[in-house]
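Chemist: Next comes the sequence, and after it the predicted model I'd like to discuss.
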Amino acid sequence: MLTIRLFEDRARREFGKGDMPGFVHSYAGAEAIATGVCAHLDDADMITSTHRGHGHCLAKGVDIMPMVAELYGRANGLCKGRGGSMHIADFSKGMLGANAIVAGGVGIAVGAALAARTLGDGRVVATFFGDGATSQGVLHESMNLASIWQLPVVFVCENNGWAESTPTSYAVSVPQVSVRAAGYSMPGTTVDASDYEAMHEAARAAVKRARSGEGPSFIEATYLRIGGHFAGDPEGYRSKDDRHAARDADVVARTAAVLTERGSNSAAITAEVERDFVARLDVAFAAARTSAWPDAEGADNFVYSN
Amino acid sequence: MSTAIDRTTTDAVTTTFLDALRDALQTCMRADPCVVLLGEDIAGGAGQGAPLEGAMGGTFGVTKGLFEEFGAGRVLDTPISEAGITAATVGAAMAGLRPVTDLMWASFAPKAFDEVVNQAAKMRFMSGGQTSVPMVLRMAVGGGLRAAAQHSDTHYATFTHVPGLKVVVPATPAEARGLLIASIFDDDPVIFLEHMALYTTSGLVDPYSGPMRLGELGVLREGSDVTIAGVGHSALMALEAAETLESEGISAEVLSLRSLQPLDLDGLVARAGATGRFVVVEEGPARCSVASDIAAQVGELLFGSLQAPIGRLTSNHSPVPFSPPLEDAHLPNPGKIVTVVRRTMGRG
């Protein structure tokens, strides 16, 4: 969780310098969700992600060097500069891609789970999506398919209360998104994702269920978005109280406090992890900035396989 | 490169277009356990067991018998969820299968526009080649069956416009079999469009033949005065037109544009250049059509060497009408092709 926060804070700051192309969406505040779910997955298991995908990459074990190079559109990026932040992917780690179409990854995850079941290889799939995605038709079609075929997939709704500038309370007809699960005969639970242990436990149960062939589950993980929809969003639509509440609910600080309370030397451990990771980030960002651009001759490479 | 499979095979037997498609599916499923079928009503009676389950075998009967041979694990009836099943097809292809999904009618494909255009077509590109998406979307297309506006689209140009998709439109049973096998074993998403008027047509098919390479033209008839290239059913109409033209002393070559993407532009240019006259026929609406695109590409390369402006024939720029006289007026037909060719020959 700490490394995701450090990565996102750094990415936001570096983006502000103006030499990172495109735009970035921060995972800050949601760290427990990707971490809690991916703790139960191995490299062969698969995830699909969203436009807010850096946290999912890190939780799935993706190397930050080619990740940062991809953010800068460089030839040595994970996607050789063809994807950027919103399409970042590392298939070697089962990270099937950030997806900039809301709910775009959900149906893909169901298909990947169908492949896993058909091949009988024991892989499970987790699909991360926002509360905004629960208003997309394809999400409902995909949940229905996963249910009738009893596929090994975990639906993880990252509910931060906002679909860009539209409050979930306005756009979603139910008070808790997790009640949608009942409509597709799968267990649904709502978890406070500022509580890492609760998140970890909910994910453990859902992944175990998928792994043992009992079918899909739905987890609604609630958190408060720290910062705007994208780096640079002035959030004029959001009250000061709401923004402050997000900072107060910070899962990274809360988890550190819990560990300290239990007698862990968390301050020292945090400082050490931070020192090491910041040094790695220094190297990754410096290297990315000086890495070669993709050859313009190859602008239409990778469209077809043959 | 161009080939004339129908005319050169020696072990060929007369087969319907529909049986040729089924044979291709069966051949691929026997060869590779990763080939699975998804779609609405491709088995029929799902979950009830034999003899009810599998009784339908697809809206047109293409998948009849495959449930019995391969079972519910590989022949998966789906709910009516075009977006969901297309997304699942993409994901399954990314995770190790070679899914072949029947969307029933191409007119239903707009329900899955995102899944086709943003997901299937772009996934290889966006990931920098990390993944391929080896999937086939089969759809029935075309007019003439009085199926009206929401069951008669061809969408030839719609799909051909999307980079990352391959688009295949067979005109003969041999093309149907050979191209479907090639499409299933291709590593890219292939949109496979089957004209409904062709399902019951017959032709010679070699049951032991392998895949027919994508990106080639089919030569349905040799000729020396004019080259007529047609898409799917339009190619057969062009064959009929060629008979009439022959009686008028015009020798027409007829090509099947069986692979719209990749397109054998070199082959088209060579053949149109040799006859000196070129007519292109397809059934989609007029604007931004495959006919327009091909005419432009051939015209750029043969400007000055053709003896007449390139002739184009499409449907009207309107949805497909229901009433028989209206639909007949809307669609291309052999008579309209003859008229366009005569004009190209300076006899209009």
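Modeler: Done, it's in.
Chemist: Tell me the confidence at the closest residue to chain A within the stretch 151-300 of chain B?
Modeler: The minimum distance from the stretch 151-300 of chain B to chain A, using Cβ to the nearest Cβ, falls at B:Asp187 (4.0 Å). Any C-beta I mention is one placed from the backbone N, CA and C, and that applies to glycine too. You'll see B:Asp187 listed with a pLDDT of 98.
Chemist: Is it part of a helix or strand, or is it coil?
Modeler: Following DSSP: H, G, I helix; E, B strand; the rest coil, we place B:Asp187 in the coil state.
Chemist: Ranking helices and strands of chain A by mean pLDDT, which lands last?
Modeler: Lowest by mean pLDDT, DSSP states H and E among the helices and strands of chain A is helix A:240-248, with a mean of 86.
Chemist: Following it in sequence, what is the next regular element?
Modeler: Next along the chain after helix A:240-248, taking DSSP states H and E as the criterion, comes helix A:251-261.
Chemist: what's the following helix or strand after that next one?
Modeler: Sequence order places helix A:266-290 as the next helix or strand after helix A:251-261, per DSSP H and E.
Chemist: Give me the distance from that following helix to the chain's centre.
Modeler: In this view, helix A:266-290 has its centroid 21 Å away from the chain centroid, taken as Cα atoms, centre = their mean, to the nearest Å.
Chemist: same thing with stretch A:125-135?
Modeler: On the basis of Cα atoms, centre = their mean, stretch A:125-135 sits 10 Å off its chain's mean C-alpha point.
Chemist: next one: stretch B:46-62
Modeler: Averaging C-alpha positions (Cα atoms, centre = their mean) puts stretch B:46-62 25 Å from its chain's average.
Chemist: any idea of the mean pLDDT in that stretch?
Modeler: Averaging pLDDT along stretch B:46-62 yields 92.
Chemist: Repeat that for stretch B:65-80.
Modeler: Throughout stretch B:65-80, pLDDT has a mean value of 97.
Chemist: Repeat that for stretch B:287-307.
Modeler: Rounded mean pLDDT across stretch B:287-307 is 97.
Chemist: Quick check, the residue of the stretch 151-300 of chain B closest to chain A in contact with A:Ser305.
Modeler: Yes: with contacts counted by Cβ atoms under 8 Å, B:Asp187 reaches A:Ser305, the gap being 4.0 Å.
Chemist: just the helices in the stretch 51-200 of chain A please.
Modeler: Assigned by DSSP state H, counting those that start in this stretch, the stretch 51-200 of chain A shows helices spanning A:54-59, A:64-71, A:104-119, A:137-148, A:168-171, A:196-211.
Chemist: which one of those has the lowest average pLDDT?
Modeler: Among those, helix A:168-171 carries the lowest mean pLDDT, at a mean of 94.
Chemist: which residues sit against that one?
Modeler: A:Asp131, A:Gly132, A:Ser135, A:Asn159, A:Gly161, A:Trp162, A:Ala163, A:Val177 (Cβ atoms under 8 Å, 6 or more residues apart in numbering or on different chains).
Chemist: Let me see the contact set for the fifth one.
Modeler: Residues in contact with A:Gly161, defined by Cβ under 8 Å, 6+ apart, are A:Asp131, A:Pro167, A:Thr168, A:Ser169, A:Thr222, A:Leu224, A:Arg225, A:Asp242.
Chemist: Not counting sequence-adjacent ones, nearest residue to the first one?
Modeler: With sequence-adjacent residues excluded and distances taken as Cβ to Cβ, 6 or more residues apart in numbering or on different chains, A:Asp131 is closest to A:Asn159, at 4.1 Å.
Chemist: Would you mind measuring from the one you found to A:Ile33?
Modeler: With distances taken as Cβ to Cβ, to the nearest Å, A:Asn159 is found 10 Å from A:Ile33.
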